[in-house]
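*Asks:* model this:
(one chain, ligands or ions: 3)
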Amino acid sequence: MKVELGIPATRETDIPSRDAVKFYQVGSYAVGNRLADVIDRSIQSDPHRFNSLTSGHRACQGCGEALGARYALDTAMDASDGDLVAVNATGCLEVFSTPYPESAWTVPWLHSLFGNAPAVATGVAAAMRAKGKETRVVAQGGDGGTVDIGMGCLSGMFERNDDVLYICYDNEAYMNTGVQRSGATPPTARTATTQPVGPKPGNVFGQGKDMARIAMAHEIPYVATATVADLRDLEYKVRKAMEFHGARYIHVLVPCPLGWGTPSNETIKLARLATQTGFFPVFEAEAGEVTSVQKIRRPAPIEEYLKTQRRFAHLFKPERDEETLARLQAICDRNIRRYGLIEEDMLDEDVLERVLSAPTDPEGRYASIRQAAAQTKRAKAESAAQSAPTEKLPDESFSTVMRPELARDGLLMADASQGRSHTTAGSGTAEDRPLSERRMDEDDVVLAEVEVVPSVEEEQK
Ligand SMILES: Cc1ncc(C[n+]2csc(CCOP(=O)(O)OP(=O)(O)O)c2C)c(N)n1
Ligand code: SF4
Ligand SMILES: [Mg+2]
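*Replies:* Ligands and ions are numbered 1, 2, ... in the order given. Presented below is the predicted three-dimensional model:
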C-alpha cells in the first residue's frame, strides 16, 4: 500500500540533499529513511521532532513500549501542531517515564488510575471543547489497563464516540507488576500467574480478548493494529487516526524483553515475526469494516517466532510439543485466511491447503464451552440422583392437595397463595409442573426442591 504521509514542507530538515551524496541504494527504507525524499522521511528522523517522550526515562533496554510510544506521540504532536494532551493509564509506560517528581514527557501529560484513562481522556476532551479550544487528546495504556481493567471505560468512550485517540501498547502481560497474565496474553505463554509446570504449562487456549475486533464491533470511525517492527506504518496510522474526529483505537504490539525472556536486541525482529507468521495480523478498519491489511512478505512458521522466547521454552524442551505447536500454527493460518494476509498464488500448495483448512475455532473456544456444558449437566444429574428420596409416593399423592398429614411429614408443599401444591418427589412428569418449577434437562423427571410449608392448623398453634 502506498502511504502518502504529506509531511508539511515547513518541517524540512538540514540533512544534505541526496544529490550531494552518492547512495548505493535508493527507493527503499531498508537502510533507514535517510535515503528517502525529505517529504517521505519519518517524523522521527526529523531533527526538529517533538521528543514527546525524551531521554532519561527508566525503561529496560530494548523496551518495545518506549519505542512505540515515542513514535506514536511525536506523530500525534505533529498532526495536532503541538496542541495535544496525553492521558496515561498506570503501567510500565507511566512508571518508567514519570517517577515523581521527574517526568520524561515533554507534552502536557496526565495520569490518574490503572483503569480509567479512557474516562479521564473523555473528560479532558470535554473540558477543552467547553473552553472553545481545539486541543486534541490521546489516551494510552498497556494491555492490562486496556483489555482488562479499563475495558468498561473504553467501551463507554467508544459508544459515546468521544473525540479521543486511544493507543494500547500490548506487551501481552502485566509487566509493570511482574509479568502477570492479562486478557491479551497468548495461549501457552508462561507468566507469573499461569500454570508453571505440569503437562501443559502456560496460558490456556480459548481465553483472552481480541481488542481490535471488539473496538471494530463498536463501529467507531477508525481502528488499526501495528507493531514496532514497522514504525513508518505506526506513524502513518497515528497520523491517519488524527485526521478523524470521534473515538479511534490503535493496538500496537510491543515486545518486552523482560517479560518475554528475550534478548533486548531482538525486539524488532520478534515484532516482525509476529506479523510474518500471521500470529498478529496488521490491518486498518473504518466504521467496523477492514479497509487494508499488511500483507505477509515472507511467511514464517510459528515456531520461528516462539523458539527464542523463554516464555514459550516449554514448547521445545525437554521435547517438542507438536500438538500445541500445531494448535498455535492453526491460529496463524486462520488469521491468514480471515484477513487475506497472503495472496493465494504466493503460497506453496501444502501451505495453502493448511491455511484453507484451518479450523474456524483454532483455540477450541466452542469445544471447551460444549465440554463445560456437558460436565455441568452430568454433575447436576449426579447430585439430583443422590438427593432423590429412595421411596416413591403413589400417584395420587400429587393430587392430594393440602393433606395436613403429608405436610407434617414434610412430604407436601402447599402454596396457598397460588392455590396449588405438590409433593417433594416426582411421581408426575415435567408437564404437570408450572414452568418456573421445571428442570427441563432431566428427561422429564421432576425433582423439585423440598420446601416444607406448615399446615394451617400448625400455623394457628
Ligand atoms: C486498581 C489497580 N489495581 C492494580 C494496580 C497495580 N498495577 C499497576 S500497573 C499494573 C499492570 C499494568 O499492566 P499493563 O496495563 O499491561 O501495562 P504494562 O506494565 O505491561 O505496560 C498493575 C496490576 C493498580 N495500579 N491499580
Ligand atoms: S518490563 Fe517490559 S514493558 Fe516494562 S520497561 Fe521493561 S521492557 Fe518495557
Ligand atoms: Mg502489558
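*Asks:* C-alpha from now on. contacts and neighbour counts both.
*Replies:* Noted.
*Asks:* can you give me the neighbour number for the nearest residue to residue 267 once chain neighbours are set aside?
*Replies:* Ranked by C-alpha to C-alpha, 6 or more residues apart in numbering and with sequence neighbours excluded, the top spatial neighbour of residue 267 is residue 255, at 5.6 Å. Residue 255 has 30 neighbours, counted by other C-alpha atoms under 10 Å.
*Asks:* how about residue 217?
*Replies:* 13.
*Asks:* give me the distance between it and residue 211.
*Replies:* Per C-alpha to C-alpha, to the nearest Å, residue 217 is found 10 Å from residue 211.
*Asks:* hang on, the earlier thing: how far away is the residue nearest to residue 267 from residue 141?
*Replies:* Counting by C-alpha to C-alpha, the gap from residue 255 to residue 141 is 15 Å.
*Asks:* ok, residue 305 next?
*Replies:* Using C-alpha to C-alpha, residue 305 is found at 25 Å from residue 141.
*Asks:* and the stretch 1-150 of the chain, which residues reach ligand 3?
*Replies:* Near ligand 3, the residues belonging to the stretch 1-150 of the chain are 142-143 when assessed by C-alpha under 5 Å from the ion.
*Asks:* where exactly do the helices run in the stretch 201-350 of the chain?
*Replies:* Ranges of helices in the stretch 201-350 of the chain, per DSSP state H, counting those that start in this stretch, are 211-217, 231-243, 257-260, 267-276, 302-306, 322-339, 349-356.
*Asks:* who wins for proximity to residue 127 among those?
*Replies:* For residue 127, the closest of these is helix 231-243, at 18.8 Å, according to C-alpha to C-alpha.
*Asks:* show me what the closest one packs onto, helices and strands only.
*Replies:* Where contact means 3 or more C-alpha pairs under 8 Å, 6 or more residues apart in numbering; DSSP states H and E, helix 231-243 is packed against helix 64-79, strand 222-227, strand 248-253.
*Asks:* apply 10 Å and report the result again.
*Replies:* Applying 3 or more C-alpha pairs under 10 Å, 6 or more residues apart in numbering; DSSP states H and E, one finds that helix 231-243 makes contact with helix 64-79, strand 136-142, strand 165-170, strand 222-227, strand 248-253.
*Asks:* check whether the third one comes near ligand 2.
*Replies:* The reference is to strand 165-170. No - shown here: strand 165-170 not in contact with ligand 2 (C-alpha under 6 Å from any ligand atom), separated by at least 8.8 Å.
*Asks:* sheet partners, orientation included, of that strand?
*Replies:* With DSSP bridges as the test, strand 165-170 is paired with strand 136-142 (parallel), strand 248-253 (parallel).
*Asks:* can it be found next to ligand 1?
*Replies:* No - among the residues of strand 165-170, none lie within reach of ligand 1 under C-alpha under 6 Å from any ligand atom; the closest is 6.7 Å away.
*Asks:* ligand 3 contacts on the stretch 351-461 of the chain?
*Replies:* Near ligand 3, when you scan the stretch 351-461 of the chain using C-alpha under 5 Å from the ion, you find nothing.
*Asks:* domain boundaries for this protein, per the record?
*Replies:* Here the domain parsing of the chain from automatic domain parsing is 16-368, 404-460.
*Asks:* picking up where we left off before, can you redo the helices and strands packed on helix 231-243 as JSON lines with mean neighbour count and mean pLDDT?
*Replies:* JSON lines is the format used below for the helices and strands packed on helix 231-243 (neighbours: other C-alpha atoms under 10 Å; pLDDT from 0 to 100):
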{"stretch": "helix 64-79", "mean neighbour count": "24", "mean pLDDT": "97"}
{"stretch": "strand 136-142", "mean neighbour count": "28", "mean pLDDT": "98"}
{"stretch": "strand 165-170", "mean neighbour count": "28", "mean pLDDT": "98"}
{"stretch": "strand 222-227", "mean neighbour count": "28", "mean pLDDT": "98"}
{"stretch": "strand 248-253", "mean neighbour count": "27", "mean pLDDT": "98"}
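*Asks:* okay, the ones you listed in TSV with distance to residue 388 next?
*Replies:* Below are the helices and strands packed on helix 231-243 laid out as TSV (distance: least, C-alpha to C-alpha, whole Å):
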stretch	distance to residue 388
helix 64-79	59
strand 136-142	52
strand 165-170	52
strand 222-227	56
strand 248-253	54
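*Asks:* quick revisit: which of the helices of the stretch 201-350 of the chain sits closest to ligand 2?
*Replies:* For ligand 2, the closest of those is helix 257-260, at 5.1 Å, according to C-alpha to the nearest ligand atom.
*Asks:* touching the closest one from outside, list them.
*Replies:* 60-64, 171-176, 178-180, 189-192, 263-267, 306, 308-312 (C-alpha atoms under 10 Å, 6 or more residues apart in numbering).
*Asks:* are any of those buried, and which?
*Replies:* Neighbour-count burial (16 or more other C-alpha atoms under 10 Å) applied to these gives 62-64, 171-176, 179-180, 189-192, 264, 266-267, 306, 308-312.
*Asks:* in terms of mean pLDDT, which of the helices of the stretch 201-350 of the chain ranks lowest?
*Replies:* Among the helices of the stretch 201-350 of the chain, helix 349-356 has the lowest mean pLDDT, at a mean of 89.
*Asks:* who are the packing partners of that helix?
*Replies:* By 3+ C-alpha pairs under 10 Å, 6+ apart, helix 349-356 packs against helix 322-339.
*Asks:* up against ligand 1, what does the stretch 151-300 of the chain have?
*Replies:* So the stretch 151-300 of the chain meets ligand 1 at 171, 173-177 (C-alpha under 6 Å from any ligand atom).
*Asks:* so which residues make contact with stretch 151-159?
*Replies:* So stretch 151-159 is in contact with 115-122, 143-147, 160-164, 166, 211, 214-221, 246-249, going by C-alpha under 10 Å, 6+ apart.
*Asks:* and it, how far out from the chain middle?
*Replies:* Mean-position distance between stretch 151-159 and its chain equals 14 Å (C-alpha atoms, centre = their mean, to the nearest Å).
*Asks:* what does stretch 205-219 give?
*Replies:* When distances are taken as C-alpha atoms, centre = their mean, stretch 205-219 is centred 6 Å away from the chain's centroid.
*Asks:* end to end, how far does that stretch reach?
*Replies:* End-to-end distance of stretch 205-219 (C-alpha to C-alpha): 28 Å.
*Asks:* buried set for that stretch?
*Replies:* Going by neighbour count (16+ other C-alpha under 10 Å), the buried part of stretch 205-219 is 205-206, 208, 211-213, 215-216, 218-219.
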